[in-house]
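S.K.: okay, predicted coordinates and the sequence, questions at the end:
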Amino acid sequence: TDGEIISEGLRPYMMKKRAIDWQAIFLDWRRKPRAMHYSRYWKYLPERIKLFLSHPDWKEQDQRLNRLLSLLVTHDMSGIDAHFYDLLAASSEKDAYDIDWYQYDAFLSLPEEVVH
């Protein structure tokens, strides 16, 4: 009654993992592209995919979302991240900015064990 703590422990419902339906999320982001960076799912995207989608031109961003949506039909998000460059190179669509995707990892942050 005095507000004292009786017991502390983990909440079992907080430790559960759920699969993310990226297709549904990307479809929502396509409708509202400016909300993409503020979505609660943004932090769960692999860094390569975040950089790929972080383009200032809304039309290009929409095309990139469409590319990822088409890849999600046959691949999962971890597979797209692992084979990102090969999948984009195999795509028949050309990037409007003619980006060399193999140099794209230079923008990724390094893991803490690599940083000195």
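M.R.: Arrived safely.

S.K.: make it CA atoms for all contacts and neighbour counts henceforth
M.R.: Fine.

S.K.: now do the helices in this structure.
M.R.: 22-31, 47-53, 58-72, 77-82, 84-90 (DSSP state H).

S.K.: so for stretch 46-58, mean pLDDT?
M.R.: Per-region confidence: stretch 46-58 scores 90 on mean pLDDT.

S.K.: re the thing from before, can you redo the helices of the chain as CSV with distance to residue 5 and mean neighbour count?
M.R.: Putting the helices of the chain into CSV (distance: least, C-alpha to C-alpha, whole Å; neighbours: other C-alpha atoms under 10 Å) gives the following:
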stretch, distance to residue 5, mean neighbour count
helix 22-31, 40, 15
helix 47-53, 40, 17
helix 58-72, 47, 17
helix 77-82, 42, 15
helix 84-90, 49, 15
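
S.K.: with distance to residue 12 added, can I get those in CSV?
M.R.: What follows is the helices of the chain, written out as CSV (distance: least, C-alpha to C-alpha, whole Å):
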stretch, distance to residue 12
helix 22-31, 25
helix 47-53, 29
helix 58-72, 31
helix 77-82, 26
helix 84-90, 35
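
S.K.: the ones you listed: lowest mean pLDDT?
M.R.: Among the helices of the chain, helix 84-90 scores lowest, at a mean of 84.
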